[in-house]
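# sequence and predicted structure, then a few things I'm wondering about:
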There are 2 protein chains.
Amino acid sequence: MTDYRRLRVALLGAGAVGSQVASLLLRHGDELADRAGARLELAGIAVRDVDAPRDVELPRELFTTDAETLITGADIVIELMGGIEPARSHILLGLGSGADVVTANKALLATHGPEVFEAADRVGASVYYEAAAAGAIPIIRPLRDSLAGDRVVRIMGIVNGTTNYILDRMDSEGADFADVLADAQRLGYAEADPTADVEGYDAAQKAAILASLAFHTAVPLDAVHREGITSITADMIEEAREAGFVIKLLAVCERIGVDGGESISVRVYPALIPRTHPLASVHGANNAVFVEAEAAGSLMFYGAGAGGVQTASAVLGDVVSAARRHIAGGVGVGESTRANLPVVSIGHVTTRYQITLEVDDEPGVLATIAGILSEGGVSVATLVQTVEGEDGDTARLIVGTHRAADSALSATVERLAESDVVERVLSVLRVEGE
Amino acid sequence: MTDYRRLRVALLGAGAVGSQVASLLLRHGDELADRAGARLELAGIAVRDVDAPRDVELPRELFTTDAETLITGADIVIELMGGIEPARSHILLGLGSGADVVTANKALLATHGPEVFEAADRVGASVYYEAAAAGAIPIIRPLRDSLAGDRVVRIMGIVNGTTNYILDRMDSEGADFADVLADAQRLGYAEADPTADVEGYDAAQKAAILASLAFHTAVPLDAVHREGITSITADMIEEAREAGFVIKLLAVCERIGVDGGESISVRVYPALIPRTHPLASVHGANNAVFVEAEAAGSLMFYGAGAGGVQTASAVLGDVVSAARRHIAGGVGVGESTRANLPVVSIGHVTTRYQITLEVDDEPGVLATIAGILSEGGVSVATLVQTVEGEDGDTARLIVGTHRAADSALSATVERLAESDVVERVLSVLRVEGE
């Protein structure tokens, strides 16, 4: 057996991902040493409670509550605690004491990314975060390295497994949101408090990370437009299906031209995508990231978006990369945020829309609605009217628009809602991926 | 504008990919400098004939026939000439004079990979080859880095665009191989001499590269079992469709246990895959690589497998990586081939099979055939018999087997062919991806 240099690895956190990482580090030590060119010695696991139950059996002597001592003695720090503090302080301490950092902490990177990356740059260390964006799917390296010579035009990602699971079951079973959510919670696909997932917060963090990388621009989390899926009904999904669409919660990162200059838009919302689009066949809790680049064309990356052992795979890949860099010498390569493109608000974004209205079923209604749309600068592409109601006194009108700016569309939808002939605006959904 | 350090880039070859690389380097100089942290100065383009027509207009003064002088003055050498010589000598010269090398040369890497990687290791340089395996699809970094902490179990790749285009059109149009090939040649999807594609040589080179990376083992090209698609008929595709399959030319790299130890199998052949498998929906000239890993689970990477500008994207990503490494300092990280697993011959591989026979339509035939299969150790899973022939005197028998070793299967098929009741063995196809 080769006599490799030893690198001390500090693990912070022993939850679903952390316990798998520890277990794999211990079980596959020889193999990992051959690949990394260094022996990865698990120096300790910092946790709040040494005696808490773990997913995997691990040697008790590895656990410690003294994170600081563990970190300052480490060559590589793996942060899997989640949350902002103390994760942020621990990472900065690790970088400050010369360690490379591996983290899966999307919340931290989406809010304190620049601070962390600058701290790494100052000491010539590296921060690896393949597990922060789409679980086990390798998307960070492709964006950061493989596409570094190309210009990314658009990313459309299904980056939250919980919402994809819910929408997929609603689509296949015709079930209601609340029922599927309750079942997803029972089965462990959704948290007891599902807000972070179903309101799109988790996806927005990932969108900020992906957009920052793809557009070489530090995208702050509050620049990401965010809508969740709680208002999606079985009716809306059924209507989408009839029109050849499926509803997915998408993270869209897009290069757009505004007023002659170049800008980017980063947004998370449920959108209609054609059933023939590769993203439409992403089922269950899986994730996929669809990337369009000027030269490379369309690429798609698909796999498990979450799960302890799956995410541990991404973390360990980063640990091996960090080890290789340690052995190779040289300074870490920082994040490239030189492009520094402005992030525009959702109002500037143009997409196609599908608007579903409940209207009075009487002569002249269509003319009134067409008039409001036309005045608002929203051009109609398709129009489907079906009679509804027990007495047939109302009709359902589905308006497919040509591309319209979000601001113009929103103002127009408000005027439609106020119109005498419109009983209710049933849904307004954007169309992506056409 | 930042005053970056300049890195001299030598480009060897100005064909479909090379001319696009040159054009992008010249057009996106500022952007690439910001990303790489260094100005990438195209020092020259070595070609055989300075006056040959190019796909893209490029400054004449960049062209030279003196490759050696260009190479020895370069920080980064991009080899896009193809073929073994002089590409090999040029790459070794570049590495020897301290340059990092970017290449898309799958033929060279599949045959002389170890020599090239050792030469790089000796001087602490790096060799980048993202474009060598599946065109613009980022698959090298995911395998080399992202999955470095995981254990790849199986790779199934559609890695040759020409054959996928041909099989896809045969599938969708019911057309014959020869007709589609002729049309593909007319449209530029297939070469005038299509041997490298349709006989699986190109896919075998890529399979050797992918398997080497995935299994940390230098896999020689002649250890790759290779079958092409020239014997695939419209009938076989129609039969596959009826059984819920599609025929794809697959590069399969698999970790298998033989005699207690661990081995790998690397093989290229047309196989039946279920129409529900993600690879079944890879249409036209696209490529996709499906990876199964112990921890990460199933991943898929999808995109354009060829094309000048698409491949140029992958090449430029490598150039930026090489530049970042130059700036960061340190030595290059070599290929990890420490696992050094034995590559087994096709005889050891077990898969399910579908055997189609033309048999006499008389009593006792089934018993005879079942006997031959059973004697050969091949267990039957499904059996479909249809009467054929004008007089109804022959029948078509489709035998789906359970998993069987290739050696046992081949011997059994031979005995079937010799049997009095079998008129012809119409096809023998392996089933993958179930």
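Everything's here; your move. Numbering: from 1, shown residues only, chains lettered A, B, ... in the order given.
# tell me which helix or strand the residue lying closest to A:Ile372 once chain neighbours are set aside sits in.
With CB to CB, 6 or more residues apart in numbering or on different chains as the criterion, A:Ile372 has its nearest non-adjacent residue at 5.2 Å, and that residue is A:Arg415. No exception for glycine: its C-beta is placed from N, CA and C like everyone else's. Here A:Arg415, judged by DSSP states H and E, is contained in helix A:406-418.
# name the residues that touch that helix?
Applying CB atoms under 8 Å, 6 or more residues apart in numbering or on different chains, the contact partners of helix A:406-418 are A:346-351, A:353, A:355, A:357, A:369, A:372-373, A:375-378, A:401, A:404, A:422, A:424-425, A:428.
# per-residue pLDDT of the residue nearest to A:Ile372, please?
The model reports A:Arg415 with a pLDDT of 96.
# what's the local residue count around it?
Neighbour count of A:Arg415, defined by other CB atoms under 10 Å in any protein chain shown: 15.
# same check on the one 4 residues further on?
Counted by other CB under 10 Å, the residues lying close to A:Ser419 total 18.
# tell me who's in contact with it.
Going by CB under 8 Å, 6+ apart, A:Ser419 touches A:Thr368, A:Ile369, A:Ile372.
# which element follows the host helix or strand of the second one toward the C-terminus?
With elements delineated by DSSP H and E, A:Ile369 resides in helix A:365-375, which encompasses its position. Sequence-wise, the next helix or strand downstream of helix A:365-375 (DSSP H and E) is strand A:380-388.
# what is the mean pLDDT for that following strand?
So the average pLDDT for strand A:380-388 ends up being 85.
# then stretch A:288-298?
Per-residue pLDDT over stretch A:288-298 has a mean of 96.
# one step back: which of the contacts of A:Ser419 ranks first by neighbour count?
That'd be A:Ile369 among those, by other CB under 10 Å, with 22 neighbours.
# state the distance from the residue lying farthest from the centre of chain A to chain B.
Relative to the centre of chain A, and counting by CA atoms, centre = their mean, the farthest-placed residue is A:Pro363 at 46.2 Å. A:Pro363 sits at a distance of 47 Å from chain B (criterion: CB to the nearest CB, to the nearest Å).
# what of A:Val17?
Note on A:Val17: its distance to chain B, by CB to the nearest CB, is 11 Å.
# again, but for A:Ala136
4 Å.
# do A:Val50 as well
A:Val50 sits at a distance of 26 Å from chain B (criterion: CB to the nearest CB).
# go ahead and confirm that residue touches A:Asp66.
No - contact criterion CB atoms under 8 Å: A:Val50 and A:Asp66 do not qualify, at 10.5 Å.
# and the two? which has more neighbours close in?
When neighbours are counted by other CB under 10 Å, A:Val50 comes out ahead of the other of A:Val50 and A:Asp66, with 13 against 9.
# look at that one and give its secondary structure.
Here A:Val50 is coil, with the state taken from DSSP: H, G, I helix; E, B strand; the rest coil.
# pull up the pairing partners for the helix-or-strand element of chain A with minimal mean pLDDT, direction included.
Of all helical and strand segments in chain A, the minimum by mean pLDDT, DSSP states H and E falls on strand A:380-388, at a mean of 85. Strand pairing for strand A:380-388, using DSSP bridges, gives strand A:394-401 (antiparallel).
# so what's A:Val384 up against?
A:Ala243, A:Leu397, A:Ile398 are the contacts of A:Val384 under CB under 8 Å, 6+ apart.
# is it true that the first one touches A:Thr356?
In other words, A:Ala243. No - if you go by CB under 8 Å, A:Ala243 and A:Thr356 don't touch, sitting 10.2 Å apart.
# mutual contacts of the two, please.
A:Ile398.
# looking at the two, which is more packed in?
Using other CB under 10 Å as the criterion, A:Ala243 and A:Thr356 rank with A:Thr356 on top: 19 against 16.
# gap between the helix or strand the more buried one falls within and the chain center?
For A:Thr356, the host element (DSSP H and E) is strand A:350-360. Centre-to-centre, strand A:350-360 and its host chain are 27 Å apart (CA atoms, centre = their mean, to the nearest Å).
# the longest helix seen in chain A versus helix B:308-328: what angle between them?
Looking across chain A with DSSP state H, the single longest helix is helix A:308-328. Our comparison of helix A:308-328 with helix B:308-328, counting by axes from the mean of the first three to the mean of the last three CA atoms, to 10 degrees, yields an angle of 60 degrees.
# what packs against helix A:308-328?
Judged by 3 or more CB pairs under 8 Å, 6 or more residues apart in numbering or on different chains; DSSP states H and E, helix A:308-328 is in contact with strand A:6-12, helix A:16-27, helix A:29-36, strand A:39-46, strand A:76-79, strand A:100-103, strand A:127-128, helix A:131-134.
# quick one on the thing from earlier: which of the contacts of A:Val384 lies closest to chain B?
Checking the contacts of A:Val384 against chain B by CB to the nearest CB gives A:Ala243 as the nearest, at 21.3 Å.
# surely A:Glu31 is in contact with B:Ala339?
Yes - counting by CB under 8 Å, B:Ala339 is a contact partner of A:Glu31 at 7.2 Å.
# grab the nearest non-local neighbour of A:Gly161.
Spatial nearest neighbour of A:Gly161, excluding adjacent residues (CB to CB, 6+ apart): A:Ala285 at 3.5 Å.
# ramachandran coordinates for A:Val431?
Main-chain dihedrals, A:Val431, degrees, to the nearest 10: phi -110, psi 130.
# tell me the contacts of it?
Shown in contact with A:Val431 (CB under 8 Å, 6+ apart): A:Phe245, A:Ala271, A:Leu272, A:Ile273, A:Thr351, A:Arg352, A:Tyr353, A:Gln354, A:Gly400.
# what pLDDT is listed against the second one?
It refers to A:Ala271. On the pLDDT scale, A:Ala271 is placed at 98.
# that one against A:Ala251, yeah?
No - at 10.3 Å, A:Ala271 and A:Ala251 do not qualify as touching, with contact defined as CB under 8 Å.
# ok, back up a step: so can I have a markdown table of the contacts of A:Ser419 showing pLDDT?
A markdown table is the format used below for those (pLDDT from 0 to 100):
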| residue | pLDDT |
| --- | --- |
| A:Thr368 | 93 |
| A:Ile369 | 93 |
| A:Ile372 | 95 |
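# which one of those residues is nearest chain B?
For the contacts of A:Ser419, the closest approach to chain B (CB to the nearest CB) belongs to A:Ile369, at 38.9 Å.
# surely A:Glu238 meets A:Asp176?
No - counting by CB under 8 Å, A:Glu238 sits too far from A:Asp176 to count as a contact (11.3 Å).
# how much space separates the nearest residue to A:Ala46 once chain neighbours are set aside from chain B?
Residue nearest to A:Ala46 in three dimensions, not counting chain neighbours: A:Ala67, with 3.7 Å by CB to CB, 6+ apart. Distance, A:Ala67 to chain B, by CB to the nearest CB: 23 Å.
# same check, this time on A:Asn160
Counting by CB to the nearest CB, the gap from A:Asn160 to chain B is 17 Å.
# how many neighbouring residues does that residue have?
31.
# so what pLDDT did it get?
At A:Asn160, the model reports a pLDDT of 96.
# contacts only, for it.
A:Asp197, A:Gly200, A:Asp202, A:Ala203, A:Lys206, A:Leu249, A:Asn287, A:Gly305.
# about what we covered before: which member of the contacts of A:Val431 is positioned nearest chain B?
Closest to chain B out of the contacts of A:Val431 is A:Ile273 (15.1 Å), distances taken as CB to the nearest CB.
# quick check: closest non-adjacent residue to that closest one.
Using CB to CB, 6+ apart and skipping residues adjacent in sequence, the residue nearest A:Ile273 is A:Gly433, 4.1 Å away.
# need the three-state assignment for the one you found.
On the three-state scheme (three-state DSSP), A:Gly433 is labelled coil.
# so who does it touch?
Applying CB under 8 Å, 6+ apart, we find A:Gly433 in contact with A:Met156, A:Ala271, A:Ile273, A:Pro274, A:His277, A:Leu279, A:Phe290.
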